[in-house]
Structures are given as C-alpha cells and as structure tokens.
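Visitor: Have a look at this fold, sequence not included:
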C-alpha cells in the first residue's frame, strides 16, 4: 500500500483552479468593454441632429474644415506605440491596483457630464481616463505608467472649438513672414490684410487663407513630435523640448512654403505656383524641412544622431591595494 504525501503537488487541481480564476477575472472585463462600446458606439446623443454616437461624431469631425483630417492617423499610431513597447508591457504586467478605479470614476463622471450637456468632445476626452484606469486596475502601476502617454495622446485628436481664432492669428503671422521673406528673395510685395500682391503687378494677388495659416500643419506636426518624443531615449525635459519644438518649426516651415509660392509666381509660372505647387508644397516641402529640423534638434539634445551609438569610451578605474606580505589584493 502506498500513500500520497500530504505535500505532494496537485497539479491538475491547481491548473483547473487557475483557469477558473482567470475566467472569472475576465468576465467583468468583457462586460465593462461591452458597456463602453455601447455608450460610445450605439448611444446617439451628439452632433447637430443629436443622432450621432461619440465615435461617429469624432470620425465626422476629422475633416479639412476642422483642420483635423490627420485625426485618422491617431488610432494606428497609438496601436503602433503600444506595440513598440510590447516587451516592456509584458514585463511590467503585475497585480492590479484599486487606484485604477479612481481614473475609471473620473472618466465615467466626464462622460455623464458630456451626456447631459450634449458635448461629444468631453465624452471623447473621458475615454483615455476609462482605458488607462482599466489598465491600472488590472495590471498595476508599472504597466499603467507605460501606457499613459499612448492613451492620453488621443487628446490631440479631439478637435477644439476655438480653432478659428488661432487660425486668424496664424494667418497674420504667415502673411507678415511671407512678405518679408519674399523681399529677401528679391520679390517685392505689398500687404493688405491677408492679401499679398506684387509691386510690379506681374501676377495676381494671393490670399493667405485659413488653410495657408499653418494651423493644419501645426497640429499634424504636434502629433508627429509627440510620438517622436515618446520613442526618443532621453531625459523627460528633453522630450518636452522636442515636443514643444513643433510650434516654431511648423510656423517656419509653413512660411518657407508660402514664400516659395511667391518666388515661383514671380520668376516662373504664376498659375502653376498658385495651383499645383500650392497643393503639393506641403507634402514636398513643409514636411521634409520640418522633420529634418526636428531631427537636428533631437541630435543636438542627444549629442549625436539617434540611430548611432556614442563612440565615447567608458574608463573603468581599478584600485589595487597591497597587503603586508607584498601580494596585491
């Protein structure tokens, strides 16, 4: 007769218990996900006709009229940022924390306020709180710290209602810089409001319209610089500087683009300058210049090109002490 030792491992029972515990844990997660999907996708309270869901509203708000047509890039970009840190996320996953419920509660309160006031921007602003709090509650602070930026990065994709005022100010800045920049390039112009005309009348006056103000380029470059700063391996204050550099770079890049239109109109084909080159100069000139300058700033902050390892040699100091017997130790 053989007896099983009392401390023998019960692998079968433990495996079944672990599987049942995991299943019980994921049931409320699935129910919570269904609730979020319901309120954001199927609850129609927003839009001019009050017949759009929060997701439908933001998809419709990503259009050229709001200068947020780049908003469609945010979702794949956020997924890419999370995938970039996939190994770190797996290593950081640990026991959950009830502190995550605080963030979920804040998100729920913001959504309730949006529901009552019919403000879809507040509803979409609440979503990162809900998702981040859920990650914090399920897997702890270490993982929540990693996903904080990618999730709240979504705030940059929410169109702001006061963009027309910002566009007006940028129009004036772009007009002034284009006027003085064109003069440096030998193109004499006169300015009336946001209209720039040649002194000698060689080409028809050009208007610095809202689309040429640079606000669209600024928001797109902010998206790029924020993701760039997140990936960059440098101190936090350097990341902040890299992100804030998008503001002057966007204004400078857009001004150079507008100046190029005037120069081509003066010394080349005015019709081609105000049509074909106007439409394609952003892609062919603004982004290459802005991204190149962003790389220069990154390299200056990091002390070299990001993809090259530093050639500095690390010197190690070896201390040798001598015992009474004369043998080093």
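Guide: Perfect, thanks for sending it. Because the structure is predicted, anything quoted here is derived from the model rather than measured.
Visitor: Using the record's domain definitions, break this protein down for me.
Guide: The chain breaks down into these domains under automatic domain parsing: 24-157, 163-302.
Visitor: would you turn those domains into CSV with mean neighbour count, distance to residue 308 and mean pLDDT?
Guide: (C-beta placed from N, C-alpha, C; glycine too.) Below are these laid out as CSV (neighbours: other CB atoms under 10 Å; distance: least, CB to CB, whole Å; pLDDT from 0 to 100):
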stretch, mean neighbour count, distance to residue 308, mean pLDDT
domain 24-157, 16, 20, 90
domain 163-302, 17, 9, 82
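Visitor: hang on, residue 279 in a strand?
Guide: No: assessed by DSSP: H, G, I helix; E, B strand; the rest coil, residue 279 does not belong to a strand; its assignment is helix.
Visitor: Okay, strands next: where are they in the stretch 101-250 of the chain?
Guide: 189-192, 195-198, 206-207 (DSSP state E, counting those that start in this stretch).
Visitor: What strands line up against the shortest one, and which way round?
Guide: Paired with strand 206-207 in the same sheet, following DSSP bridges, are strand 195-198 (antiparallel).
Visitor: And for the first one?
Guide: Each strand that strand 189-192 pairs with, and the sense of that pairing, follows from DSSP bridges: strand 195-198 (antiparallel).
Visitor: Reformat the strands of the stretch 101-250 of the chain as TSV; add distance to residue 106.
Guide: Output for these, formatted as TSV (distance: least, CB to CB, whole Å):
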stretch	distance to residue 106
strand 189-192	48
strand 195-198	48
strand 206-207	45
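Visitor: closest to residue 39 out of the ones you listed?
Guide: strand 206-207 (43.8 Å; CB to CB).
Visitor: Distance from that closest one to the middle of the chain?
Guide: For strand 206-207, the gap between its own C-alpha mean and the chain's C-alpha mean amounts to 32 Å (CA atoms, centre = their mean, to the nearest Å).
Visitor: Then stretch 272-291?
Guide: For stretch 272-291, the distance to the chain centre is 23 Å (CA atoms, centre = their mean).
Visitor: Any chance you could list what contacts that stretch?
Guide: 203-204, 206, 217, 221, 224, 249-250, 252-254, 256-257, 260-262, 264-265 (CB atoms under 8 Å, 6 or more residues apart in numbering).
Visitor: which other helices and strands contact the helix or strand containing residue 60?
Guide: In the assignment (DSSP states H and E), residue 60 maps to helix 54-61. Packing partners of helix 54-61 (3 or more CB pairs under 8 Å, 6 or more residues apart in numbering; DSSP states H and E): helix 120-139.
Visitor: by how many degrees do the helix it packs on and helix 54-61 diverge?
Guide: Computed by axes from the mean of the first three to the mean of the last three CA atoms, to 10 degrees, the angle separating helix 120-139 from helix 54-61 equals 130 degrees.
Visitor: and the gap between residue 122 and residue 144?
Guide: Separation of residue 122 from residue 144 (CB to CB, to the nearest Å): 23 Å.
Visitor: quick one, what contacts the residue most central in space within the chain?
Guide: Centroid-nearest residue in the chain: residue 223, 3.8 Å away (criterion: CA atoms, centre = their mean). Neighbouring residues of residue 223 by CB under 8 Å, 6+ apart: 70, 73-74, 77, 156-157.
Visitor: Looking at the residues you listed, which are in helices?
Guide: The helices, defined by DSSP state H, take in 74, 77 from the contacts of residue 223.
Visitor: Could you export the contacts of residue 223 as CSV, including distance to residue 57?
Guide: Formatted as CSV, the contacts of residue 223 follow (distance: CB to CB, whole Å):
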residue, distance to residue 57
70, 17
73, 18
74, 15
77, 20
156, 17
157, 12
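Visitor: ok, of the contacts of residue 223, which one's closest to residue 189?
Guide: For these, the nearest to residue 189 is residue 70 (30.7 Å; CB to CB).
Visitor: how much space between that closest one and residue 63?
Guide: From residue 70 to residue 63 the distance is 11 Å (CB to CB).
Visitor: Just the contacts of stretch 272-291: which are in helices?
Guide: Those of the contacts of stretch 272-291 lying in helices (DSSP H): 217, 221, 224, 249-250, 252-254, 256-257, 260-262, 264-265.
Visitor: Need the max-distance pair from the residues you listed.
Guide: Greatest spatial distance in these: 224 and 265, 29.3 Å, computed using CB to CB.
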